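1. A predicted structure for the sequence below; I have some questions about it.
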Amino acid sequence: MTSTSVDPTQLLRAMFDAAVAAASPAICVPPHLPEPHKGRTIVIGAGKAAAAMARAVEDHWPGPVEGLVVTRYGHGALTDKIAVVEAGHPMPDEAGVEAAERIIGAVRGLTVDDLVLNLISGGGSALLSLPAPGVTLADKQVVNKALLRSGAPIVGINCVRKHLSAVKGGRLALAAHPARVISLIISDVPGDDPATVASGPTVPDATSLADARAILAKYGIAPPASVTAHLENPDNETPKPGDPLFAHVENIVIATAQASLQAAAEVARRAGVTPILLGDAVEGEARAVAAEQARMTLAQIPGAPCVLISGGETSVTVRGNGRGGRNAEFLLALAIALDGHANIHAIACDTDGIDGTEDNAGALLRPDSLERAHALGLNPRALLENNDGYGFFSALDDLVITGPTRTNVNDFRAILVMPIA
């Protein structure tokens, strides 16, 4: 196949599908399963991929297995031995609290002969929600909502979450001591740091209470009094690197955004299009990232067919009341920056199949998107100011709707530059 025979939309969708498939639990879990231990095998976990990961364990584990995982509503999977609970995301709810309590209970009282297999993926921070003593779920919800609307990066958000939790920031591993703990992690964070994915429930925490307080101050968030009191008490510090209680804990990253970008790049190569990888850890305001990538894209013209591919997680400072996740916001800002350039197509989607809290994974941008929008009486700039990327692409029938993919390696963006026919 040559680039001149490629349908741009089909190619972009094929690239996104390849990125998602590369992180499928059915593919990435089995090669990393450990040998069974003499004692019990308890499977626990949290995240958007947790149910599918549990299914993969059941399909390949050679002996008895039991346990519980928690995933987002609608992201469940059929399992026989490992219970699956669905809970709220991105806003934690009582179902997540109850699941976390059950998970903590399942790993307490184990022995050195027992194995805890912990299945972690993006979304686990909200789903594995057990407030620290003295902090209520309502308090955490207030702080979580403010952080999500503030534009703070996920690393900063998770720093605060760790310090308000009875299970994150390594505390889950301490509860399982002295059992062997092996965490298999599908990473949705820039840099693939296990301490950041789902706020690192089995990873010692290098951040501090002071860091958490500084993040709230930086983004102008005034927390409830109970949160302030908790963050000011040095007795509430998380366990730190070097703690000997982590000697029997292993954290293994089994799927990453980079591997998914490489899979998408191979699809482009086979179509005769040169992939240009911009990195798997792109962060910043979605609009600013879109403006920068628009400049980079226009610099490729004229030239051979190419596609600029990036991953990571942008952020959105919410000022309007429209609908749309960060991918729709990125793509609408990109459309405005490119101003209908004749030979540029793009896709931006979340690999979990849900862009923010909407029902779409993301959207597609075509050269005539702005023209069609104007014909419908839409004002793209006004929609962007209202954070209504969803409304823009819904009106054009250009949303990408996949349903839950049951994996998560964060966002996928591809900007395709094709010859003008």
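-> The structure has been received and is ready for your questions.
2. the helices in the stretch 1-150 of the chain, which residues?
-> For the stretch 1-150 of the chain, the helices defined by DSSP state H, counting those that start in this stretch cover 8-22, 25-28, 50-60, 94-107, 124-127, 137-150.
3. verify the contact between residue 390 and residue 360 for me.
-> Yes - using CB atoms under 8 Å, residue 390 makes contact with residue 360 at a distance of 6.9 Å. (Each C-beta comes from the backbone N, C-alpha and C, glycine too.)
4. find residues that contact each of these two.
-> 325, 328, 399 (CB atoms under 8 Å, 6 or more residues apart in numbering).
5. just give the nearest non-adjacent residue to the second one, would you?
-> In this case it means residue 328. residue 389 (2.9 Å; CB to CB, 6 or more residues apart in numbering).
6. for that neighbour, give me the pLDDT.
-> At residue 389, the model reports a pLDDT of 97.
7. so who does it touch?
-> Counted by CB under 8 Å, 6+ apart, residue 389 has contacts 322, 323, 324, 325, 327, 328, 329, 330, 331, 332, 363, 383.
8. then residue 284?
-> 314, 315 are the contacts of residue 284 under CB under 8 Å, 6+ apart.
9. I'd like to know how far it sits from residue 18.
-> Using CB to CB, to the nearest Å, residue 284 is found at 25 Å from residue 18.
10. strands along the stretch 151-300 of the chain, start to end?
-> Along the stretch 151-300 of the chain, counting by DSSP state E, counting those that start in this stretch, strands occupy 180-186, 249-255, 274-282.
11. which of the contacts of residue 389 sits closest to residue 99?
-> Nearest to residue 99, judged by CB to CB, of the contacts of residue 389 is residue 325 at 24.7 Å.
12. go ahead and confirm the closest one touches residue 349.
-> No - the criterion here is CB under 8 Å, and residue 325 misses it with residue 349 at 9.5 Å.
13. on that earlier part again, lowest pLDDT pick from the contacts of residue 389?
-> Where pLDDT dips furthest among these: residue 324, at 83.
14. so what's that one up against?
-> 332, 355, 356, 358, 387, 388, 389, 390, 391, 392.
15. re the thing from before, distance of the residue nearest to residue 328 relative to residue 359?
-> 14 Å.
16. do the same with residue 383
-> The gap separating residue 383 from residue 359 is 18 Å, by CB to CB.
17. cool, and residue 417?
-> 30 Å.
18. for those two, indicate the residue with more neighbours.
-> Neighbour count, other CB atoms under 10 Å: between residue 417 and residue 359, residue 417 has more, with 25 against 15.
19. deepest-packed of the helices of the stretch 1-150 of the chain, please.
-> helix 124-127 (a mean of 31; mean count of other CB atoms under 10 Å).
20. I'd guessed residue 39 sits against residue 116; true?
-> No - contact criterion CB under 8 Å: residue 39 and residue 116 do not qualify, at 10.4 Å.
21. list the buried residues in stretch 23-38.
-> 23, 24, 25, 28, 29, 33, 37 (16 or more other CB atoms under 10 Å).
22. repeat that for stretch 279-299.
-> For stretch 279-299, using 16+ other CB under 10 Å, the buried residues are 280, 281, 282, 283, 285, 286, 287, 289, 290, 293, 294, 297.
23. before we move on, back to that, could I get the buried residues of stretch 23-38 as a markdown table with pLDDT?
-> Listed next are the buried residues of stretch 23-38 as a markdown table, based on pLDDT from 0 to 100:
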| residue | pLDDT |
| --- | --- |
| 23 | 98 |
| 24 | 98 |
| 25 | 98 |
| 28 | 97 |
| 29 | 98 |
| 33 | 98 |
| 37 | 90 |
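24. wait, which of those residues is closest to residue 104?
-> residue 37 (20.3 Å).
25. if we ignore the residues flanking it in sequence, what's nearest that closest one?
-> residue 115 (4.1 Å).
26. sorry, back to before: okay if I get the helices of the stretch 1-150 of the chain as a markdown table plus distance to residue 173?
-> Listed next are these as a markdown table, based on distance: least, CB to CB, whole Å:
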| stretch | distance to residue 173 |
| --- | --- |
| helix 8-22 | 28 |
| helix 25-28 | 22 |
| helix 50-60 | 17 |
| helix 94-107 | 9 |
| helix 124-127 | 14 |
| helix 137-150 | 21 |
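27. ok, which of those comes nearest residue 341?
-> Proximity to residue 341 (CB to CB) singles out helix 8-22 among the helices of the stretch 1-150 of the chain, at 12.7 Å.
28. chain center to the closest one: distance?
-> In terms of CA atoms, centre = their mean, to the nearest Å, the centre of helix 8-22 is found 18 Å from the chain centre.
29. what's it packed up against?
-> Judged by 3 or more CB pairs under 8 Å, 6 or more residues apart in numbering; DSSP states H and E, helix 8-22 is in contact with helix 257-270, strand 306-312, strand 344-350, strand 362-365, strand 411-417.
30. packing partners of the fourth one?
-> Pointing back at strand 362-365 there. Using 3+ CB pairs under 8 Å, 6+ apart: strand 362-365 touches helix 8-22, helix 326-338, strand 344-350, helix 389-395, strand 399-400.
31. just the CA atoms of that strand, as CSV, please.
-> Extracted in CSV, the C-alpha atoms of strand 362-365 (Å, rounded to 0.1, in the frame of the first residue of the first chain):
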residue,chain,number,x,y,z
GLY,A,362,-12.1,11.4,21.3
ALA,A,363,-12.7,12.7,17.8
LEU,A,364,-11.4,13.1,14.3
LEU,A,365,-10.3,16.3,12.6
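32. report the contact partners of the residue nearest to residue 37.
-> Residue 115 makes contacts with 34, 36, 37, 39, 40, 41, 42, 179, 180, 181, 182, as judged by CB under 8 Å, 6+ apart.
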